[in-house]
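1. Structure here, sequence nowhere to be found:
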């Protein structure tokens, strides 16, 4: 069972999201919040798996609420909700620990899938959209040399895996590209996160772009596949 807190300052939207999620057999809405302060308190007291977080709320906005939630102890995953897909707040939230974002007018099925994906933590939510958002804002800043230096902790193969994570590939797809076992990819990803202090794939993509490992506007290079035997 995946437990969820829904945070949105509009009561009708909050109730609608809560009802939609509660109708799923594997999802349980354990709390609601009308502003960022309530969201932080609910995350602390209820310890949900996922917080569905509106970007703009009174008293404390979704960005600062996300920072407080992801920076404390056993953090839930945060899924940001926004009206616009290109949004400074959303990018800052991804950098600050959010696991992904979703447009408020997305189809209900997308919201349900997004909560499950974020809870699982093994895939990047909406990779093409999330990556486009990251690219949009990465082009506005020079390469962060401090972030680039962090990559020195990685092996050459771990750098290859990080590039492919930044392209939005799931572990099974990375395994196919590198012709290695899926469990090996999972181990590489785990070591990358541990070495770089990353929570999930969204933060990994941000780091890949801000460190210069991946250049905005150019898709990350994928490894050449080994030739397959002919039938």
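-> Ah, there it is. The shown structure was predicted, so the numbers you read here are calculated from the model rather than taken from an experiment.
2. Shouldn't residue 69 be within a helix?
-> Yes - if the criterion is DSSP: H, G, I helix; E, B strand; the rest coil, then residue 69 is within a helix.
3. ok, and the closest non-adjacent residue to it?
-> Leaving aside its sequence neighbours, residue 69 sits nearest to residue 43 (Cβ to Cβ, 6 or more residues apart in numbering; 4.6 Å). C-betas here are computed from N, CA, C, even on glycine.
4. The one you found: how many residues sit nearby?
-> Counted with other Cβ atoms under 10 Å, residues neighbouring residue 43 total 28.
5. got it, and residue 197?
-> Neighbours around residue 197, by other Cβ under 10 Å: 10.
6. Show the backbone phi and psi for residue 31.
-> phi -170, psi 160 (degrees, to the nearest 10).
7. what residues are up against it?
-> By Cβ atoms under 8 Å, 6 or more residues apart in numbering, the contact list for residue 31 reads 5-6, 42, 45-46, 48.
8. how does it look with 7 Å?
-> By Cβ atoms under 7 Å, 6 or more residues apart in numbering, residue 31 lies in contact with 5, 42, 46, 48.
9. Distance of it relative to residue 61?
-> As for residue 31, its distance to residue 61 is 19 Å (criterion: Cβ to Cβ, to the nearest Å).
10. Then residue 94?
-> From residue 94 to residue 61 the distance is 15 Å (Cβ to Cβ).
11. And residue 24, by the same measure?
-> If you go by Cβ to Cβ, the gap between residue 24 and residue 61 works out to 28 Å.
12. Tell me which of these two has more neighbours.
-> Set residue 24 next to residue 61 and count neighbours by other Cβ under 10 Å: residue 61 wins out with 18 against 15.
13. Spatially, what comes nearest to the more buried one if we skip its sequence neighbours?
-> Residue 61 sits nearest to residue 36 (Cβ to Cβ, 6+ apart), 5.6 Å away.
14. neighbours of that neighbour, just the number please.
-> Residue 36 has 26 nearby residues by other Cβ under 10 Å.
15. now residue 96
-> With other Cβ under 10 Å as criterion, residue 96 counts 18.
16. Can you tell me the SS state at the residue nearest to residue 69?
-> Applying three-state DSSP: residue 43 is helix.
17. and the spatially most central residue of the chain, what does it touch?
-> With distances taken as Cα atoms, centre = their mean, the residue of the chain nearest its centroid is residue 99 (2.4 Å). With contact set as Cβ under 7 Å, 6+ apart, residue 99 has these partners: 77-79, 118, 125, 200, 202.
18. Show me the strands in the chain, by range?
-> Listed in chain order, the strands of the chain (DSSP state E) span residues 2-7, 27-33, 50-54, 77-82, 100-103.
19. And the contacts of the third one?
-> Right, strand 50-54. 2, 4-9, 17, 39, 43, 62, 65-66, 69, 76-81, 115, 118-119.
20. Mind doing that once more with 6 Å?
-> With Cβ atoms under 6 Å, 6 or more residues apart in numbering as the test, strand 50-54 has contacts from 4-8, 43, 62, 76-81, 115, 118-119.
21. which one's the longest helix in the protein?
-> helix 182-196 (DSSP state H).
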